[in-house]
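Asker: Sequence and computational prediction follow.
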Amino acid sequence: MSKKLIAVAAASALALAGLVGIAPANSATGPFAVTAANAYSTQTADRNGSTSAKAIKINVPSTDVLRSVANSGATETGDSTAVYFDVTTPSSTDVVTVTSTGAVELLTTTQFDATTAPTTATGTQSLTITAASGDANFYAYTTSTTAGTVVVSAAGSTQTFYVQGVSFSPYKVAATAPASAALGADFDVVVTVKDAFGNDLTTPLTVSDVTTSWALTTVGATAPTVATYDATAKTYTFEYTAPTTATGTALQIGLKSTIQSTKVTAFGSPVNSVFFAVSAVDLATQVTALTAQVAALKADYNALAAKWNKRVASKTAPKKAVATK
């Protein structure tokens, strides 16, 4: 073999060796795969995140604290407020992109493990992560009980997960009540209970015995011992009975102290109770009084109409008369 051919062969061999040495930095690690952990029944058939009906469930952060801990079984209990996602990429340094929809937010592992603990204000709805040795990780949390999505993509492959929050912590109570009620008649106060993010509670408060979840203070009226819950409207209805004598009544409907929320600065002040004043009135007397008012107004109108019409007749005003009542 000529010296020239030997030199070319040697150069080719060195180049090949260099390529072989570089290859492991982006070598194949296996098929694209994403797994989720630290949520209710994660990756079981009924809760694998493949559809909104099978959404991965996690606690809505009731105290603005994000934590990711193992929860087992299908029961919606536990402490985890963030889902942990583990991504396997086809090559060791593939770029992983993650996006979310709805109220689902994303965190990198660096953000999640930071000395300053992350809160619900920390997350974003898009991440770009470069895999290390074919592995990438991130976290997701949600502030809504309506399912949102997490979409993970790498090397031309994509997988979508549905994530849904569950909420058991009341933070704001609101109610509506009539301004007045007939003597001895029943009247309703309709109440809503939301968490700090405006979600209805996943499990309604007890209504079969109001003393279980509620604290009622009533002056003048008779308070109910049970209430009703409308699962469609997500409202609680308390039926009171007005007193039999014309007087004012004072009503306060609140949460029992054992389930009241304490203030979380990021969420504003909780509303644990509402107050109303409802007048008990004699409807017959009220009708008589209103009839007298209407008669007086009618008389005043007719007097003014007569004066106006007199001016019309004298041609000192526009020529169109008005009708009396």
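Answerer: In hand now; what should we look at? Numbering: from 1, shown residues only.
Asker: Low-confidence ranges, the protein, go.
Answerer: Along the chain, the parts satisfying pLDDT under 70 run over 1-29, 41-45, 72-77, 282-289, 295, 315-322.
Asker: Apply 50 and report the result again.
Answerer: Scanning the chain for pLDDT under 50 picks out 3-26.
Asker: Quick check, central residue of it?
Answerer: N199 (3.1 Å; CA atoms, centre = their mean).
Asker: Kindly list the main-chain dihedrals of that residue?
Answerer: Backbone torsions for N199, taken as degrees, to the nearest 10, come to phi -80, psi 150.
Asker: Please report how far the closest residue to P178 other than its chain neighbours lies from P90.
Answerer: Using CB to CB, 6 or more residues apart in numbering and skipping the chain neighbours, the partner closest in space to P178 is F187 (5.3 Å). (Each C-beta comes from the backbone N, C-alpha and C, glycine too.) Distance from F187 to P90, counting by CB to CB, to the nearest Å: 67 Å.
Asker: A55 too?
Answerer: Relative to P90, A55 is positioned 27 Å away (CB to CB).
Asker: So for these two, which residue has more residues nearby?
Answerer: Legend: neighbour count by other CB atoms under 10 Å for A55 and P90, higher for A55 (23 against 19).
Asker: My guess is the more buried one contacts G165. True?
Answerer: No: using CB atoms under 8 Å as the test, A55 is too far from G165 to be in contact (9.3 Å).
Asker: looking at this, the residue nearest to P178 is in a strand?
Answerer: Yes: F187: assigned to a strand according to DSSP: H, G, I helix; E, B strand; the rest coil.
Asker: if I read this right, it contacts G220, doesn't it?
Answerer: No: assessed by CB under 8 Å, F187 is found out of contact with G220, at 12.0 Å.
Asker: which residues are common contacts for those two?
Answerer: The contact sets of F187 and G220 overlap at A242 (CB atoms under 8 Å, 6 or more residues apart in numbering).
Asker: Domain boundaries for the chain, per the record?
Answerer: In terms of domains, the chain is parsed into 26-166, 172-281, 285-325 (source: automatic domain parsing).
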